[in-house]
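Trainee: Here's my sequence, what's the structure:
(one chain, ligands or ions: 1)
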Amino acid sequence: MIRLSNIQLPLDHDTSALENSILSMLDISAEQLVRFNVFRRGYDARKKTNIMLIYTLDIETTCDDALLSQFSDHQQVKATPDLDYHPVAQAPATLTERPIVIGFGPCGLLAALVLAQMGYKPIVLERGKEVRERTKDTFGFWRKKILNTESNVQFGEGGAGTFSDGKLYSQVKDPKQYSRKVLNEFVAAGAPDEILYVSKPHIGTFKLVAMVERMRAQIIELGGEIRFSARVDDMHIEDGQITGVTLADGEQLHSKHIAIAIGHSARDTFEMIHNKGVYIEAKPFSVGFRIEHEQSAIDKARFGPNAGNEILGAADYKLVHHCKNGRSVYSFCMCPGGTVVAATSEENRVVTNGMSQYSRNERNANSAVVVGIDPSDYPGGPLAGIEFQRKLESHAFVMGGSNYDAPAQTVGAFLRGETQEHIGTIEPSFKPGIKLTNLADALPDFCIEALREAIPAFNKKVRGFAFEDALLTGVETRTSAPINITRDKHSLESINTKGLYPAGEGAGYAGGIMSAAIDGIKIAESMALSMNMKHPH
Ligand code: FAD
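Mentor: Presented below is the predicted three-dimensional model:
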């Protein structure tokens, strides 16, 4: 098959335009074109009055080889790469050891699925509950302020991204096309087909819940085992080799191949592995606030007269500003047509994040506006970043009224440094609720200074971004893990603990659903090869 890229057509093109473009680009007749499908569809909205759709197409003709050699110098015409997933190993008929996967977020989910598909019958240990029970606990916290520290936005089946916008794009390099494997598994589990071809796929919360259940069923059918309310509280390490784990209820499990995919919020587990001598180091992350605007204003700013177009959907944005004080501020985890959510997993702390449904049809758009910080801002060893986060989250809890409401302020008042009595036209979506206050007290001065410079700068790129009534809610502290569980580049094992495979966001090797899932596949492959003693180095 042949891949044609960068085919640009107007937003309102008719159905025959794609076929006509192929025929004219390759100078072939309709009879020579056997079939085609859209591999990717994106858009270029730089000219709002002339938005173009940009296609990548996979086509089959009666003369593929001849065309590939005729267009060998043409950047837009290439052979379609192999998109099939090829397992790297197969478990022996009699297994002598079952691998363990700690954590059942996107990373642990894909690691377990791929291990199960290769025949290794993994045992998954997840501290939280199965996804339906977890949904009740999470919504219970948002509605009634009753926090379950083991079952919430961060912990439980599906991991941190279950109550999210379900954005599935990532900027990680992916030469082996693992992202295709992830998308194919998601579609097989019930995700909409369009995630295979739109340039910025998303799923939304409720579809994610059902998908996670189907993927769990597949792992079990293949001989895997998934244990909920199974928190790993200790690790057994002998002469630098992992040999097993102890669960919170005292049960011990043994394996010399253990993936640790615990996400960025398992602070107690980070402490435990540090105390056991597993090598970890502090790493940079970001802190800031969530900002809310009306989605219709963002649509208008991004798409002009084409706002509301069905193909374009609810508009998003991605913004960066480098400040005079040397800090970078950027928008993060933008959720079109969504809500700001309470994302703490610890008592008496307030943390924000965002989510939306597949339809993205809530009134407000939200995103985090965050400032990059690094270990020099929180000196004191590998765990100092966690203490830094905790301090900000505890302070936000107090600023919000010590009842899980979040501190908030309009953008106008924040930029002027005033405290105001009333919100403006933007209704806050955060549940349980907000308390208007002076957010300048919520973050270190250098962050406030950077945000006060960046928000007006963003207004030049997305008109209305610095709108007087836009609402800031704080604090956004869990943008990524504050530590790295450093691993060997080749074997993917911890650099000082053999058989322990640090993976996903919590280990510092992913920053989102897709990159975490891809990392899960990589880890599964390394574990399988090691178990088969075929490690390639
Ligand atoms: P996690 O998903 O965090 O999973 C880790 C799992 O390990 C958890 O289920 C936890 O309970 C379990 N665990 C922790 N400690 C232990 C232990 N000791 N024993 C047993 N189990 C343990 N990313 C996107 O790409 N798109 C989005 O739209 C998006 N929206 C988000 C919205 C919200 C509200 C949040 C919180 C995050 C969002 N993210 C989004 C980020 C994304 O969810 C994470 O990057 C991703 O989930 C990381 O995957 P992971 O598997 O590495 O870790």
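Trainee: So which residues on the stretch 301-450 of the chain come close to the ligand?
Mentor: Neighbours of the ligand within the stretch 301-450 of the chain, by Cβ under 6 Å from any ligand atom: 333, 341, 343, 353, 354, 355. Just so you know, the C-beta spots here come from the backbone N, C-alpha and C atoms, and that holds for glycine as well.
Trainee: How about the contacts made by residue 254?
Mentor: Residue 254 makes contact with 236, 243, 244 under the criterion Cβ atoms under 8 Å, 6 or more residues apart in numbering.
Trainee: one more time with 7 Å, if that's ok
Mentor: Neighbouring residues of residue 254 by Cβ atoms under 7 Å, 6 or more residues apart in numbering: 243, 244.
Trainee: separation between it and the ligand?
Mentor: Distance, residue 254 to the ligand, using Cβ to the nearest ligand atom, to the nearest Å: 16 Å.
Trainee: got a pLDDT number for that residue?
Mentor: On the pLDDT scale, residue 254 is placed at 97.
Trainee: What is the distance between the longest helix along the chain and the centre of its chain?
Mentor: Longest helix in the chain, counting residues (DSSP state H): helix 513-531. How far helix 513-531 lies from its chain's middle: 16 Å, per Cα atoms, centre = their mean, to the nearest Å.
Trainee: Do any residues in that helix lie close to the ligand?
Mentor: Yes: Helix 513-531 is in contact with the ligand by Cβ under 6 Å from any ligand atom, via 513, 514, 516.
Trainee: Quick check: residue 286 touching residue 369?
Mentor: No: contact criterion Cβ atoms under 7 Å: residue 286 and residue 369 do not qualify, at 9.6 Å.
Trainee: more crowded one of the two?
Mentor: More neighbours surround residue 369 than the other of residue 286 and residue 369, with 25 against 22 (other Cβ atoms under 10 Å).
Trainee: Which elements pack onto the helix or strand harbouring the more buried one?
Mentor: Applying DSSP states H and E as the criterion places residue 369 in strand 364-373. The contact analysis (3 or more Cβ pairs under 7 Å, 6 or more residues apart in numbering; DSSP states H and E) places strand 364-373 against strand 285-294, helix 295-303, strand 328-335, helix 445-459.
Trainee: What distance do you get for residue 225 to residue 216?
Mentor: Per Cβ to Cβ, to the nearest Å, residue 225 is found 11 Å from residue 216.
Trainee: Compare these two and say which is more crowded by neighbours.
Mentor: Set residue 225 next to residue 216 and count neighbours by other Cβ under 10 Å: residue 216 wins out with 24 against 15.
Trainee: Any chance of JSON lines for the helices and strands packed on strand 364-373, columns distance to residue 105 and mean pLDDT?
Mentor: Shown next, in JSON lines, are these (distance: least, Cβ to Cβ, whole Å; pLDDT from 0 to 100):
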{"stretch": "strand 285-294", "distance to residue 105": "18", "mean pLDDT": "98"}
{"stretch": "helix 295-303", "distance to residue 105": "28", "mean pLDDT": "97"}
{"stretch": "strand 328-335", "distance to residue 105": "15", "mean pLDDT": "96"}
{"stretch": "helix 445-459", "distance to residue 105": "28", "mean pLDDT": "98"}
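Trainee: just the ones you listed: most buried one?
Mentor: strand 285-294 (a mean of 26; mean count of other Cβ atoms under 10 Å).
Trainee: what helices or strands is that strand leaning on?
Mentor: Contacts defined by 3+ Cβ pairs under 7 Å, 6+ apart place strand 285-294 against strand 364-373, helix 445-459, strand 471-476.
Trainee: what's the longest helix of the chain packed up against?
Mentor: Partner elements for helix 513-531 (3+ Cβ pairs under 7 Å, 6+ apart): helix 106-117, helix 178-188, strand 500-502.
Trainee: please redo it, this time with the cut-off set to 10 Å
Mentor: Applying 3 or more Cβ pairs under 10 Å, 6 or more residues apart in numbering; DSSP states H and E, we find helix 513-531 packed against strand 100-102, helix 106-117, helix 178-188, strand 258-260, strand 500-502.
Trainee: Point me to the residue of the stretch 401-537 of the chain nearest the ligand.
Mentor: Closest contact between the stretch 401-537 of the chain and the ligand, by Cβ to the nearest ligand atom, is at residue 504 (2.5 Å).
Trainee: residues near that residue, how many?
Mentor: Residue 504 has 34 neighbours, counted by other Cβ under 10 Å.
Trainee: Is it correct that it is in contact with residue 107?
Mentor: Yes: when contacts are counted by Cβ atoms under 10 Å, residue 504 is listed as touching residue 107 (2.9 Å).
Trainee: Now for the two: what residues contact both?
Mentor: Each of 159, 259-263, 510, 515-520, 523 lies in contact with both residue 504 and residue 107 under the rule Cβ atoms under 10 Å, 6 or more residues apart in numbering.
Trainee: Same list, these, but as TSV with pLDDT please.
Mentor: Output for the shared contacts of residue 504 and residue 107, formatted as TSV (pLDDT from 0 to 100):
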residue	pLDDT
159	96
259	98
260	98
261	98
262	98
263	98
510	95
515	95
516	97
517	97
518	97
519	97
520	98
523	98
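Trainee: Pop the domain breakdown of the chain in here.
Mentor: The chain breaks down by automatic domain parsing into domains covering 2-79, 100-280+485-531, 283-476.
Trainee: Ok, which of those domains comes nearest residue 89?
Mentor: Counting by Cβ to Cβ, residue 89 lies closest to domain 100-280+485-531 out of these; the figure is 4.0 Å.
Trainee: Which positions in the stretch 51-200 of the chain make contact with the ligand?
Mentor: With the criterion set to Cβ under 6 Å from any ligand atom, the stretch 51-200 of the chain comes near the ligand through 102-108, 125-128, 153, 155-156, 159-161, 163-167.
Trainee: Narrow those residues to those in helices?
Mentor: Among those, the residues falling in helices (DSSP H) are 106, 107, 108.
Trainee: Please report the distance of the nearest residue to residue 356 once chain neighbours are set aside from residue 359.
Mentor: Leaving aside its sequence neighbours, residue 356 sits nearest to residue 338 (Cβ to Cβ, 6 or more residues apart in numbering; 2.9 Å). Separation of residue 338 from residue 359 (Cβ to Cβ) stands at 10 Å.
Trainee: Which parts of this structure are helices?
Mentor: Taking DSSP H as the test, the helices found in the chain are 17-26, 64-70, 106-117, 131-144, 178-188, 205-221, 267-275, 295-303, 384-399, 411-416, 445-459, 513-531.
Trainee: Out of these, indicate the one that is most buried.
Mentor: helix 106-117 (a mean of 30).
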